[in-house]
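> Need coordinates for the below:
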Amino acid sequence: MKKQFRLQYMDKKTISQLAKKHNVSEEFVLDALKNAVQEVYNKEFPNSQVTIEFKDGDVFVKRGFVVVSDELEYYDTDFQISLEEALEIDKSAKVGEVVKNVVNLEKVSKTFQKNIIDSWTRTIKNESNKTLIQDYVGLKGIIIKKEYERMEKGRYLIKINDEVYGIMKKEDSLYGENLKPGQNYFFYVKDVSTKQTGDWPIILSRNDDILLKELIKINVVEYFNGDIEIMEIIRIPGARCKLILRSKKDGVDPIGSFIGPRGSRINAIKNELNNESIDLVKYSDNKKEFITNLCNPVKITGYIENSESIAIICPEKTKDHDGKERSNIALLIGGKNAYNIRLISRALGKKTEIVTIDKVSEYLKTNGGQVITIDPSLSFNNSERNNKGRPIEKATSLFDEFNDIEE
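Okay, the predicted model is just below:
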């Protein structure tokens, strides 16, 4: 509950408000309160008899005390009450009987009150969730666009309607995303939990691949119609992903269809996913062509493959259309977190390294493997030397630099 309250402030109006808010009866709210008080009191005072009473709109908590003789000099005030005090409550009280006395809630410790309130509200919430689950179980597995309201207990609280919320755990959020309160976002309904935890049962996600696929369906009609197949999604949610695409209909270009006019389709998808970088890769049964597509826009010249790894061969630098030099190694790595080469490695199912053209021979001496040439104008052999006639230095292998970086 958003607002914390003290037990001594409980009245008929509060009971009614709670019942209406959680769609349960007032009788259930009162029974839950009685059971909560009984549960907490029994831990502190075993076998205490607790009742809840109304008087002039206020709620009174009473518990039983054993009547003892006034002649006793000492008695346990937690469990016993003197005959004199008992007669003020019940004129027919007798020694040995149990008399119900009002608990002074103002003198009850905050911890004691909190334990009662937590047990009480949890019971109400669980009962409310039974109806909630029935009403919303049909949402499971679909995407919804709803308002993010606030963080609560380390989770994102998403407003489903005025009285119902969904929760998203941090591990289900997109990497690096900061949701803004009051704004609407797409969410995948991961689950509608039937567990009685006293929490909202609607579990949401923004990093599930199903959300990405559904956003693609909304924006790419050719995928919605089944003309394009997503062979595989290789992804670090919120950072970067590679979509491996294949056309299932003659004349349909999978890359162009996903990009859309002036990039409108792919940008619409990225905008909904915290501007996640999306690489579109055309699938091919030809391994050379597929690896070439994976490494685009870097124009690779070949690769070396052995039983354990693949090494991509490329020039160290190339020039852009405007004449500026760019580092092919930096492009293939993909930033300080090495997102690109990690995704390429996952797509190929092998440890993937990068070797510049002038260091191929030394790499082969160290690691072995078969050279597959993509650029037919180039050939590689173990006796290759640099332009000064000196033996080529040890091959450049950057895999170890980024292999230990966490996602």
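
> Now for the most centrally placed residue in the chain: which residues touch it?
Residue closest to the mean C-alpha point of the chain, counted by C-alpha atoms, centre = their mean, is residue 172 at 1.2 Å. Residue 172 makes contacts with 190, 203, 204, 205, 206, 207, 208, as judged by C-beta atoms under 8 Å, 6 or more residues apart in numbering. Any C-beta I mention is one placed from the backbone N, CA and C, and that applies to glycine too.

> Which two of these have the greatest separation?
With C-beta to C-beta as the measure, no two of the contacts of residue 172 lie farther apart than 203 and 207, at 12.9 Å.

> To what extent is residue 16 buried, counted in neighbours?
12 (other C-beta atoms under 10 Å).

> the strands in the stretch 51-200 of the chain, which residues?
In the stretch 51-200 of the chain, the strands defined using DSSP state E, counting those that start in this stretch lie at 58-68, 80-82, 98-102, 143-152, 155-159, 165-168, 184-192.

> Adding distance to residue 340, write those strands out as a markdown table.
Below are the strands of the stretch 51-200 of the chain laid out as a markdown table (distance: least, C-beta to C-beta, whole Å):
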| stretch | distance to residue 340 |
| --- | --- |
| strand 58-68 | 64 |
| strand 80-82 | 76 |
| strand 98-102 | 71 |
| strand 143-152 | 28 |
| strand 155-159 | 29 |
| strand 165-168 | 28 |
| strand 184-192 | 26 |
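
> who wins for proximity to residue 334 among the ones you listed?
strand 184-192 (25.8 Å).

> Direction included, what does the closest one pair against?
Its sheet considered, strand 184-192 pairs with strand 143-152 (antiparallel), strand 202-205 (antiparallel) by DSSP bridges.

> Enumerate every residue touching the closest residue to residue 259 other than its chain neighbours.
Of all residues not flanking residue 259 in the chain, residue 266 sits nearest, at 5.2 Å (C-beta to C-beta, 6 or more residues apart in numbering). Applying C-beta under 8 Å, 6+ apart, we find residue 266 in contact with 258, 259, 260, 278, 280.

> Residue 266 and residue 229: what is the separation?
From residue 266 across to residue 229, the span is 17 Å (C-beta to C-beta, to the nearest Å).

> CA atoms of the strand or helix carrying residue 303 as CSV?
Following DSSP states H and E, one finds residue 303 within strand 302-305. Extracted C-alpha coordinates of strand 302-305, given in CSV (Å, rounded to 0.1, in the frame of the first residue of the first chain):
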residue,chain,number,x,y,z
GLY,A,302,38.9,-14.2,-45.8
TYR,A,303,39.0,-16.3,-42.6
ILE,A,304,41.1,-19.0,-41.0
GLU,A,305,39.2,-21.9,-39.4
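
> could you point out which element follows it?
strand 309-314.

> roughly how far out does that following strand sit from the chain middle?
Computed by C-alpha atoms, centre = their mean, to the nearest Å, the separation of strand 309-314 from the middle of its chain amounts to 35 Å.
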